[in-house]
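[1] Predicted structure and sequence below. I'll ask about it afterward.
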Amino acid sequence: GAVVSQHPSWVICKSGTSVKIECRSLDFQATTMFWYRQFPKQSLMLMATSNEGSKATYEQGVEKDKFLINHASLTLSTLTVTSAHPEDSSFYICSAPGLGDNEQFFGPGTRLTVL
Amino acid sequence: AQSVTQLGSHVSVSEGALVLLRCNYSSSVPPYLFWYVQYPNQGLQLLLKYTTGATLVKGINGFEAEFKKSETSFHLTKPSAHMSDAAEYFCAATKAAGNKLTFGGGTRVLVKP
């Protein structure tokens, strides 16, 4: 099956700094990728849809200026958490749909801890 | 708006016993339905999916699920639980292939020896 990677797998940063998370489709191209956030013991909540070559589509309540998404190529989407605060600490997961497969492939996730 | 409901945030079963995880969706159009499993600090692994055709779907690790349109349900079962089945399970739905997923709240499965 298709593989999606994320980097880094975990990151610890100081409050006020920015953190970039990468999501790559390793063996297939993805014009669309999805970014989810998962707080401890909770479900996944969609943050935004990343579109290659165009602006991301954000879900209601997600600050687009805080969570910057760039989908510059068919295999890479990045999520930058700007001016991170402790409440942004979470598990961030990306996914990409496979071609004609009705299935989405998930990355392993990135654990962000903001001190 | 589409929603997915998982009844029971925690399920405890004995090793060898039946595992039953409930999932109901709300949608005027039958969606594509999925069950995923998540182990601690890991991403999601697909167990099985329903798109069209046969309503009884078999997945990996001995899991299966049945799509019942009349009940708007997609419950997940496994005849005999194994210790390795202890994990978090998520039911998800989407209106179309490649579209964003709506997740249920998740059910944590504990397997007792």
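    Great, that's in hand. Residues are numbered from 1 along each chain as shown, chains lettered A, B, ... in the order given.

[2] which residues touch residue B:19?
    Neighbouring residues of residue B:19 by Cβ atoms under 8 Å, 6 or more residues apart in numbering or on different chains: B:11, B:13, B:63, B:76, B:77, B:78, B:81, B:85, B:109. C-beta coordinates here come from the backbone N, C-alpha and C atoms, glycine included.

[3] typed the wrong thing, it's residue B:27
    For residue B:27, counting by Cβ under 8 Å, 6+ apart, the contacting residues are B:2, B:72, B:93, B:95.

[4] Next, find the distance separating it from residue A:67.
    Going from residue B:27 to residue A:67 by Cβ to Cβ, to the nearest Å gives 28 Å.

[5] residues near the residue in chain B positioned nearest to chain A, how many?
    Nearest residue of chain B to chain A: residue B:98, at 3.7 Å (Cβ to the nearest Cβ). Residues within reach of residue B:98, counting by other Cβ atoms under 10 Å in any protein chain shown, total 19.

[6] Equivalent analysis for residue A:113, please.
    Counted with other Cβ under 10 Å, residue A:113 comes out at 14.

[7] center of chain B - which residue?
    residue B:35 (3.5 Å; Cα atoms, centre = their mean).

[8] From what I see, it and residue B:59 are in contact.
    Yes - between residue B:35 and residue B:59 there is a contact at 6.9 Å, judged by Cβ atoms under 8 Å.

[9] Count the neighbours of residue B:21 for me.
    Around residue B:21 there are 23 residues (other Cβ under 10 Å).

[10] wait, residue A:102
    What residue A:102 shows, counting by other Cβ under 10 Å, is a neighbour count of 17.

[11] For chain B, which segments count as strands?
    For chain B, the strands defined by DSSP state E cover B:3-7, B:10-14, B:19-26, B:32-38, B:44-50, B:56-58, B:64-68, B:73-78, B:87-94, B:102-103, B:107-112.

[12] so which of those strands comes closest to residue A:27?
    Among the strands of chain B, strand B:44-50 comes nearest to residue A:27, with 16.4 Å by Cβ to Cβ.

[13] Which positions in chain B make contact with chain A?
    B:32, B:34, B:36, B:41-46, B:49, B:51, B:90, B:97-106, B:108 (Cβ under 8 Å from any Cβ of the partner chain).

[14] cutoff 10 Å now
    Residues of chain B lying close to chain A (Cβ under 10 Å from any Cβ of the partner chain) are B:4, B:6, B:9, B:32, B:34, B:36, B:38, B:41-46, B:49-52, B:88, B:90-92, B:94, B:96-106, B:108.

[15] Which among the residues you listed count as buried?
    Buried residues within those, defined by neighbour count using 16 or more other Cβ atoms under 10 Å in any protein chain shown: B:4, B:6, B:32, B:34, B:36, B:38, B:42-44, B:46, B:49-51, B:88, B:90-92, B:94, B:98-104, B:106.
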